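>>> Sequence first, predicted model second:
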Number of protein chains: 2
Amino acid sequence: MDKKEEILKAALKLFVEFGFHATPTSKIAQEAGVANGTLFHYYKTKEELILAVYTDAKTRLTEYMYTNSSKDESLELVFKSLYTNSLEWAQNNKADFYFIQQFSSSPFYSLISTEEIKKQAKPHLDILQQGIKTAVLKPLPVELMYTLINSHIAGINQYLSSDEFSIQKQKKIINESFDLLWDMIT
Amino acid sequence: MDKKEEILKAALKLFVEFGFHATPTSKIAQEAGVANGTLFHYYKTKEELILAVYTDAKTRLTEYMYTNSSKDESLELVFKSLYTNSLEWAQNNKADFYFIQQFSSSPFYSLISTEEIKKQAKPHLDILQQGIKTAVLKPLPVELMYTLINSHIAGINQYLSSDEFSIQKQKKIINESFDLLWDMIT
DNA sequence: ATATTTGTAGACTGATTAGTCAGTCTTGAT
DNA sequence: ATCAAGACTGACTAATCAGTCTACAAATAT
């Protein structure tokens, strides 16, 4: 595998375990199996590396969210697919999802520009906006609804991670919690 | 004010702004207006200080949650009071609430013992358990419901903090979001 | 009054860290 | 085969940090 990618992978693993600043770049390089200088060849500063780890994880999550999703389906099905995929990805990429949350509630998050954040949220907000316009969803502020949905997903993920549920049981929880959420916003 | 308390206050402020490890103990001492050695007189290690900041903030939040709450009221009213108080406190103590979240999604959180976490959640879980038993609340697993409620509160807080709402508007959002939550769990 | 404990100070240290640098190796084009 | 450009290395450095230590001051006890 690419050394650049190895560094990203190693950084994510160690950041989740020890935190951003408690993880020395030397340890990251070691874990990635590259020399110290190589890390700085690809990422000018440690901060740049931290941001890259976040962007990478976030991109992979978003990509996965939109798999198996066609625009022909009803809003509810599209929405449910996004919901289910998010939680599936989170369960199959626990460290990555945990990192995204850790990053989002850290001072580093303010380094992501407002435009970048808006750009990432845009497709999701559009779907919600459409749902509100067609009166499928309650006429709440989109931003509020978006935040509420994200929190709900974070909560369910936390619950799923708190115990060892079978795949069957996991799917059941995801389905039932979706109904709760759907009832709340429609 | 007590120097010990000044240190706690200064640490919280700087941790929120820069993160745990990016905040040197020397800066904390400086901000608190005490000497370097004084900090270590009260807190043997930096880690001990970090945990103390968390415990202190969490305690103050819990205390505030239970103000103006009598046991005679209906479950819905008790519940609503806890909900409203949480969000009120979060808005009036933004740094503190932010710190609690930052801490909770950091590797430091694992240093809090499972018993301590359970002890803190106990009173809330009891209320939920009672609501389920009396069929006021849906028969969901209490842990799931608890997590869902906490996430909901975190979401609303994030929304409230994302914009400059008037006190009036804030109260309206809190009331309406409570109804959403209440509908979801009953 | 004296002794003991507790609070406070700030200079100091050993360890650690992000980032640099000078140079070697690899690759692919000519 | 030669060459240039980028990949890669690891020893090195200047700065920083958590925590220590010695000394003195204040409060409390005897």
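Arrived safely.
>>> A:M145 contacts A:Q129, correct?
No. Using Cβ atoms under 8 Å as the test, A:M145 is too far from A:Q129 to be in contact (9.5 Å). The way it works is simple: take the backbone N, C-alpha and C, and place the C-beta from them, glycine included.
>>> between those two, which one's more packed in?
Neighbours were tallied for A:M145 and for A:Q129 using other Cβ atoms under 10 Å in any protein chain shown; the higher tally belongs to A:M145 (24 against 14).
>>> Now do the contacts for the more buried one.
By Cβ atoms under 8 Å, 6 or more residues apart in numbering or on different chains, A:M145 lies in contact with A:L128, A:I132, A:L137, A:K138, A:I185.
>>> Check what pLDDT whichever residue of chain A sits closest to DNA strand D gets.
Ranked by Cβ to the nearest atom of the strand, the top residue of chain A for proximity to DNA strand D is A:G37, at 1.9 Å. At A:G37, the model reports a pLDDT of 93.
>>> Roughly how far does it sit from B:A35?
40 Å (Cβ to Cβ, to the nearest Å).
>>> So if I had to pick from these two, which one is more boxed in?
B:A35 (13 against 8).
>>> The residue nearest to that one when sequence neighbours are not counted: how many residues sit nearby?
Leaving out its chain neighbours, the residue that sits closest to B:A35 by Cβ to Cβ, 6 or more residues apart in numbering or on different chains is B:A29, at 6.3 Å. Neighbours of B:A29 under the rule other Cβ under 10 Å: 21.
>>> and B:A29, what is it in contact with?
Here B:A29 is in contact with B:I7, B:A10, B:A35, B:N36, B:T38, B:L39 (Cβ under 8 Å, 6+ apart).
>>> are any of these buried, and which?
B:I7, B:A10, B:T38, B:L39 (16 or more other Cβ atoms under 10 Å in any protein chain shown).
>>> wait, doesn't the third one sit right on B:K3?
Right, the one you point to is B:T38. Yes. Using Cβ under 8 Å, B:T38 makes contact with B:K3 at a distance of 6.2 Å.
>>> which SS state does the residue of chain A closest to DNA strand D fall under?
helix (DSSP: H, G, I helix; E, B strand; the rest coil).
>>> Could you report the distance from it to chain B?
23 Å (Cβ to the nearest Cβ, to the nearest Å).
>>> now do A:L51
14 Å.
>>> Neighbours of that residue, how many?
16.
>>> The helix or strand harbouring it and DNA strand C, any residue contact?
Using DSSP states H and E, A:L51 sits in helix A:46-65. Yes. Under the criterion of Cβ under 7 Å from any atom of the strand, DNA strand C is reached by helix A:46-65 at A:K46, A:E47.
>>> Now do that helix: distance to the chain's middle.
9 Å (Cα atoms, centre = their mean, to the nearest Å).
>>> can it be found next to DNA strand D?
No. In terms of Cβ under 7 Å from any atom of the strand, no part of helix A:46-65 sits within range of DNA strand D; the closest distance is 13.3 Å.
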